[in-house]
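Trainee: I'll drop the sequence and a predicted model, then ask my questions.
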Amino acid sequence: MMPMLAAIAIASAPMSNEVTIYNQGFGLIKEVRVLNLKQGGQTVEVNDVASMIQPATVAIRSVTDPGSFQVLEQNYQYDLISPLAIE
């Protein structure tokens, strides 16, 4: 069995945004970001998302080749401690 190599891809800043506002403080944000994915398993990091995001509502797909990849796990980590946060 060959070992799986892990890679990290960082999503670009949004190239375009669409915003729909609903009642009770909810909104729908649609963003287009560039990801440079390689073949095989990797971690994708998306920064600069809203602190009150509903993680279960997040979806990701390719606009040029829908169905070309599969999300195996999704985690949401907000307000992680860092040396800059505690200064």
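Mentor: On my side now, so go ahead. Given the structure is predicted, the values throughout are model-derived calculations rather than measurements. Numbers count the residues shown, from 1 in each chain.

Trainee: Tell me, how many residues neighbour Ile29?
Mentor: For Ile29, the count of nearby residues is 14 (other CB atoms under 10 Å). C-beta here means a position set from N, CA and C on the backbone, and glycine is covered the same way.

Trainee: ugh, wrong one, Glu18
Mentor: Look at Glu18: counted by other CB under 10 Å, it has 9 neighbours.

Trainee: ok, the residue nearest to it when sequence neighbours are not counted - contacts?
Mentor: Closest residue to Glu18 apart from its sequence neighbours, by CB to CB, 6 or more residues apart in numbering: Lys30 at 4.1 Å. Counting by CB atoms under 8 Å, 6 or more residues apart in numbering, Lys30 makes contact with 17-19.

Trainee: So Val71 is in contact with Val58, correct?
Mentor: No: contact criterion CB atoms under 8 Å: Val71 and Val58 do not qualify, at 9.5 Å.

Trainee: hey, which helix or strand in this structure has the poorest pLDDT?
Mentor: strand 8-10 (a mean of 70; mean pLDDT, DSSP states H and E).

Trainee: Please read off the pLDDT at the one residue sitting closest to the centre of the chain from the model.
Mentor: In the chain, the centroid-proximal residue (CA atoms, centre = their mean) is Val46; its distance is 4.0 Å. Per-residue confidence (pLDDT) for Val46: 82.

Trainee: my read: it touches Ala11, true?
Mentor: Yes: between Val46 and Ala11 there is a contact under CB under 8 Å: 4.4 Å.

Trainee: Between the two, which contacts overlap?
Mentor: Common contacts of Val46 and Ala11 (CB under 8 Å, 6+ apart): Arg33.

Trainee: what bits of the protein have low per-residue confidence?
Mentor: 1-8, 79-87 (pLDDT under 70).

Trainee: Give the next helix or strand downstream of the helix or strand harbouring the residue nearest to Glu18.
Mentor: Per DSSP states H and E: Lys30 is located in strand 27-32. For strand 27-32, the following helix or strand on the C-terminal side (DSSP H and E) is strand 43-45.

Trainee: now that next one: how far from the chain's centre is it?
Mentor: Its chain's C-alpha centre and that of strand 43-45 lie 7 Å apart, by CA atoms, centre = their mean, to the nearest Å.
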